[in-house]
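**Q** 3D, please:
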Amino acid sequence: MQAIVEQPNGVEAQLNHLESTVNMNHATALANHAQLIGATNEINTYIQDGPMRAANFSFQHWSPSVAHWVSSQDP
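**A** Now for the predicted structure:
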């Protein structure tokens, strides 16, 4: 015996398609939101750590002559 599968009528098919589209859009919005949160966290970390990183970079990469020149510019 073969099972009879009822096909959705036109309105039901459109509603199914609409629901699928809404679900995909929702998933995309959630993914974009997660990316935005990640980017915000990276920016906040950079804002908090940036000055110290810049100071460390400068300290490690300045030659003594540059450091002497900078200190000689102090009033």
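
**Q** Could you pick out the longest helix of this structure?
**A** What stands out as the longest helix in the chain, according to DSSP state H, is helix 10-61.

**Q** quick one: low-confidence ranges for this structure?
**A** The model of the chain has pLDDT under 70 over residues 1, 5, 54, 57-75.

**Q** what about Leu36, distance to Met24?
**A** From Leu36 across to Met24, the span is 19 Å (Cβ to Cβ, to the nearest Å). For glycine as for every other residue, the C-beta is placed from the backbone atoms N, C-alpha and C.

**Q** likewise His17?
**A** The value you get for His17 to Met24, if Cβ to Cβ is used, is 11 Å.

**Q** In contact with Asn25, which residues?
**A** Applying Cβ atoms under 8 Å, 6 or more residues apart in numbering to Asn25 gives no contacts.

**Q** measure it to Glu19 for me?
**A** 11 Å.

**Q** again, but for Ala13
**A** 11 Å.

**Q** May I ask which helix or strand encompasses Phe6?
**A** No, residue 6 isn't Phe; it's Glu. For Glu6, there is no helix or strand it lies in under DSSP states H and E.

**Q** For it, list the residues it contacts.
**A** Counting by Cβ under 8 Å, 6+ apart, Glu6 has no contacts.

**Q** roughly how far apart are it and Ala13?
**A** 12 Å.

**Q** Please apply the same query to Gln35.
**A** 33 Å.

**Q** ok, now Met52?
**A** 60 Å.

**Q** Same check on Glu42?
**A** Distance from Glu42 to Ala13, by Cβ to Cβ: 44 Å.

**Q** One more: Leu30?
**A** For Leu30 relative to Ala13 (Cβ to Cβ), the value is 26 Å.

**Q** can you check Val22 too?
**A** According to Cβ to Cβ, Val22 stands 15 Å off from Ala13.
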